[in-house]
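Q: No sequence on hand, only this structure:
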């Protein structure tokens, strides 16, 4: 495959410093596993295509510890784009590249990336490979000057030996003072790599086969190795929960900056969370303390009030969420309004100019055009027509202890306060219910449904009650 580049992503490590049973590359950054961010950058960069015309996929992910979970996730989200390779025994990065040789051996160039680089952008990848292709060294690595080099491998530059990488545990005290470190991004001329990959040994403190040792072998063989520095923000790895939180903060800032550059008004970026798959239109206003997750979409000039949390929600144009609105897998059409303190879930929909007000819950419910559920109501498995008014305290009694049942409310209906609609039940167009009714049967078109006991007043009740208390206290 002359002229083609293969990309090998190393995702076999256990990530013991994360102190979490989930494989390291699946640790969530915002609401996506951190591996997804790197894969999206790789699949969008200029150096390769997901599937070559000869059927060989040019991106491979090497899995190992927790590999079944990683493989399952990748099959669900990137099935057509990459190949899964296995490192059953984790003996180091050099060993990983060795056992993957049958896959990468026919490419002209191999790009090897650590799987814990969620902040590596498309632009940085393109710049790296552009420089590599222009200079054509035998190997190039990405490096950065670290504020805290910690356990990173140190990039050692000398006139005599050129560039090499020394792992922290094998570095001298003088080498440990070097702040330029290896980012875990390598571009190899495959012919040059083949000449040294089998010579890597595990003669080191960890007894592992280190991929950076290939650089030393190349220099010793007279090959050319280069290191290209880039900003630390793009290249910081994630090995601990603290580093994951730091990477999350960077990604959150990047996402918000992108949307603000597109005309979204973010009132308080410090308290605003927007996931990577969310879509926002120009003119959207995000008030402080909101969260938007999943594949949520918000249309032009809509306002998301403080305290609101949206997951897989679709909002049309000029939608208003007053405050503290939770929406899950539901839709609000143009000019709809909700809040404060509303929970809308499980495929519910507010049609154009519909309204769900204070302390309302909607579950699998459609609220028709211009209809209102103003306050203190639960609508479950219900369909409301146009121009409906639901009085305060109304409940659809949709669950009989075993099955859920539907409620249908026609156009122009008026449901009195504190009505219990015992499903299955239908209110025909322009029907009404008296306040405090328990409706167990259908209400015909234009009729008033009354389902309550007749009021009976007991005269003299207070006087008799007072006399009884005086008698009991005098005993």
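A: Great, that's in hand. Since the model is a prediction, treat every value here as computed from it, not as a measurement.
Q: Point out where the chain drops to low pLDDT.
A: For the chain, the stretches flagged by pLDDT under 70 are 1-3, 47-56, 159, 161, 475.
Q: the domain parsing of it - what is it?
A: Following automatic domain parsing, one finds the domains of the chain at 5-235, 260-449.
Q: want to try CSV for those domains, with distance to residue 250 and mean neighbour count as columns?
A: Bear in mind the C-beta positions are built from the backbone N, C-alpha and C, glycine included. What follows is the domains of the chain, written out as CSV (distance: least, CB to CB, whole Å; neighbours: other CB atoms under 10 Å):
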stretch, distance to residue 250, mean neighbour count
domain 5-235, 6, 18
domain 260-449, 13, 20
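Q: can I get those domains in CSV with distance to residue 252?
A: What follows is the domains of the chain, written out as CSV (distance: least, CB to CB, whole Å):
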stretch, distance to residue 252
domain 5-235, 7
domain 260-449, 6
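Q: Residue 459: which of those domains is closest?
A: With CB to CB, the closest approach to residue 459 among the domains of the chain belongs to domain 260-449: 22.5 Å.
Q: Distance from that closest one to the middle of the chain?
A: 24 Å (CA atoms, centre = their mean, to the nearest Å).
Q: Tell me the buried residues in the lengthiest helix in the chain?
A: When the chain is parsed with DSSP state H, its longest helix is helix 241-261. Using 16 or more other CB atoms under 10 Å as the test for burial, helix 241-261 gives 243, 244, 247, 248, 251, 252, 255, 256, 259.
Q: Same list, those residues, but as CSV with distance to residue 344 please.
A: Output for those, formatted as CSV (distance: CB to CB, whole Å):
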residue, distance to residue 344
243, 36
244, 31
247, 32
248, 27
251, 28
252, 25
255, 24
256, 25
259, 23
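Q: Between the residues you listed, which sits nearest residue 36?
A: Distances from residue 36 to the buried residues of helix 241-261, taken by CB to CB, are shortest for residue 251, at 11.2 Å.
Q: For that closest one, give me its contacts.
A: 29, 30, 37, 118, 119, 276 (CB atoms under 8 Å, 6 or more residues apart in numbering).
Q: and if you look at residue 422?
A: With CB under 8 Å, 6+ apart, residue 422 has these contacts: 397, 438, 439, 440.
Q: Can I get those in a markdown table including distance to residue 158 and secondary structure?
A: Putting the contacts of residue 422 into a markdown table (distance: CB to CB, whole Å; DSSP: H, G, I helix; E, B strand; the rest coil) gives the following:
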| residue | distance to residue 158 | secondary structure |
| --- | --- | --- |
| 397 | 80 | strand |
| 438 | 87 | strand |
| 439 | 87 | strand |
| 440 | 88 | coil |
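Q: Please identify which of the residues you listed is nearest to residue 359.
A: For those, the closest approach to residue 359 (CB to CB) belongs to residue 397, at 17.9 Å.
Q: Touching, the closest one and residue 420? I think so.
A: Yes - with contact defined as CB atoms under 8 Å, residue 397 and residue 420 form a contacting pair (5.6 Å).
Q: still on that earlier bit, mind giving me JSON lines with the contacts of residue 251 and columns for distance to residue 269?
A: Output for the contacts of residue 251, formatted as JSON lines (distance: CB to CB, whole Å):
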{"residue": "29", "distance to residue 269": "18"}
{"residue": "30", "distance to residue 269": "14"}
{"residue": "37", "distance to residue 269": "20"}
{"residue": "118", "distance to residue 269": "20"}
{"residue": "119", "distance to residue 269": "18"}
{"residue": "276", "distance to residue 269": "16"}
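Q: any chance you could map the helices in the stretch 201-350 of the chain?
A: Using DSSP state H, counting those that start in this stretch, the helices found in the stretch 201-350 of the chain span residues 213-220, 232-235, 241-261.
Q: Can you give me the distance of residue 74 to residue 373?
A: Applying CB to CB, to the nearest Å, the value for residue 74 to residue 373 is 43 Å.
Q: got it, and residue 182?
A: For residue 182, the distance to residue 373 - CB to CB - is 59 Å.
Q: Same check on residue 15?
A: Distance from residue 15 to residue 373, by CB to CB: 47 Å.
Q: Most widely separated two among the buried residues of helix 241-261?
A: The farthest-apart pair in the buried residues of helix 241-261, when distances are taken by CB to CB, is 243 and 259, at 25.1 Å.
Q: any idea how far residue 58 lies from residue 42?
A: From residue 58 to residue 42 the distance is 10 Å (CB to CB).
Q: And residue 287, by the same measure?
A: In terms of CB to CB, residue 287 sits 36 Å off from residue 42.
Q: same check, this time on residue 93
A: 18 Å.
Q: and what of residue 63?
A: 16 Å.
Q: what do you get for residue 183?
A: The value you get for residue 183 to residue 42, if CB to CB is used, is 15 Å.
Q: angle of the host helix or strand of residue 40 against helix 241-261?
A: Assigned by DSSP states H and E, residue 40 falls within helix 34-44. Computed by axes from the mean of the first three to the mean of the last three CA atoms, to 10 degrees, the angle separating helix 34-44 from helix 241-261 equals 50 degrees.
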